[in-house]
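# got a structure for you, letters missing:
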RNA sequence: GGUUCCUUGGCCGAGUGGUUAGGCGCCGGUCUGCAAAACCGUUUACAGCAGUUCGAAUCUGCUAGGAACCU
């Protein structure tokens, strides 16, 4: 039986180095599960593995996308599974490292098969929202998929648009395509997270933000500033600096906002973890690797 | 010592007699194709005391703290 060891947890908790230690101990490779490290050109702001770290263990899905590229949890599922298949040919273990919880779920539980949306339909739905607002989306869904509408988050235009897109593309209601069934995988998973208390984690985050600034995050952001409207740059650490460059906030405020938004992000991750009964928590006060290996075996 | 003005929830900030301002933060939550995204819910204060009034954050008096000016 193959084993996928998933090192997840909130941002700044020390996932990267633990994953490397694990991969070395298990003599295998790392598949990143980080929706932002996927992109090229953002090493500082996304706290991507350093060149030295990348040299120690082979990493997958780090810095492989152009900032313009479209990506999604479903693509991640597909890509990561393909990479894992290759790793299984030479090892019984693989390490996954990342805090994009939806990506982790995509790998462990799978995502239902949905059609790829054509540009036409995408544009149509966007226009529907821009012209008619949430009301128009509600009405459209009332016709196309009242079942989904009944449980939908009526204020969240993104999800509503998405549902309409799928209904139109598939020709059947979105809700009929949602199975709610977890897919079975040809490997077992062990999910690990480093369990810092909240105050410690927040201190680590604050310190890391200062470090990022010292390492040149501003310069990194300035380089991609012209592309700031891309989704890949709708990211903590960049959007605040873009606001600073636009003169909307001063430097001090921008940096404080980065730290604050990173904390908010971490809380979201913590929430997700707390609801996942499969996560094994590691005590950061003790050596991590032995604890992790104990859970694996 | 005198005169005038100010005092709203963690912060900012409206509100001059009669529903919860609002924003930010904090905290909590949602999540099956953009997820470091998008979205939702809480947090109920008027410096203190005594009055006026059916009813006061809003009016009056006193007390406390602060600001400006005068001597």
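That came through, no problem. Owing to the predicted nature of the structure, the values given are computational and were not obtained by experimental measurement.
# Run through the residues that contact residue A:201.
Listed by CB atoms under 8 Å, 6 or more residues apart in numbering, the contact partners of residue A:201 are A:10, A:12-13, A:266. All C-beta atoms are positioned from the backbone trio N, CA, C, and that covers glycine.
# Which pair in these has the greatest spatial separation?
A:13 and A:266 (8.1 Å; CB to CB).
# how close does residue A:74 get to residue A:238?
24 Å (CB to CB, to the nearest Å).
# any chance you could map the strands in the stretch 1-150 of chain A?
A:2-8, A:30-32, A:59-60, A:93-97 (DSSP state E, counting those that start in this stretch).
# Would you mind finding the most buried of these?
Burial of these is given as mean neighbour count (mean count of other CB atoms under 10 Å); strand A:30-32 ranks first at a mean of 28.
# Who are the packing partners of that strand?
helix A:15-26, strand A:59-60, helix A:73-88, strand A:93-97 (3 or more CB pairs under 8 Å, 6 or more residues apart in numbering; DSSP states H and E).
# List the buried residues in the third one.
The neighbour-count check on helix A:73-88 (16 or more other CB atoms under 10 Å) flags A:73-77, A:79-81, A:83-84, A:87-88 as buried.
# would you list those in JSON lines and tack on distance to residue A:95?
As requested, these are arranged in JSON lines below (distance: CB to CB, whole Å):
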{"residue": "A:73", "distance to residue A:95": "20"}
{"residue": "A:74", "distance to residue A:95": "22"}
{"residue": "A:75", "distance to residue A:95": "20"}
{"residue": "A:76", "distance to residue A:95": "16"}
{"residue": "A:77", "distance to residue A:95": "17"}
{"residue": "A:79", "distance to residue A:95": "16"}
{"residue": "A:80", "distance to residue A:95": "12"}
{"residue": "A:81", "distance to residue A:95": "15"}
{"residue": "A:83", "distance to residue A:95": "12"}
{"residue": "A:84", "distance to residue A:95": "11"}
{"residue": "A:87", "distance to residue A:95": "9"}
{"residue": "A:88", "distance to residue A:95": "13"}
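# Which one of the residues you listed is nearest to RNA strand B?
residue A:74 (3.6 Å; CB to the nearest atom of the strand).
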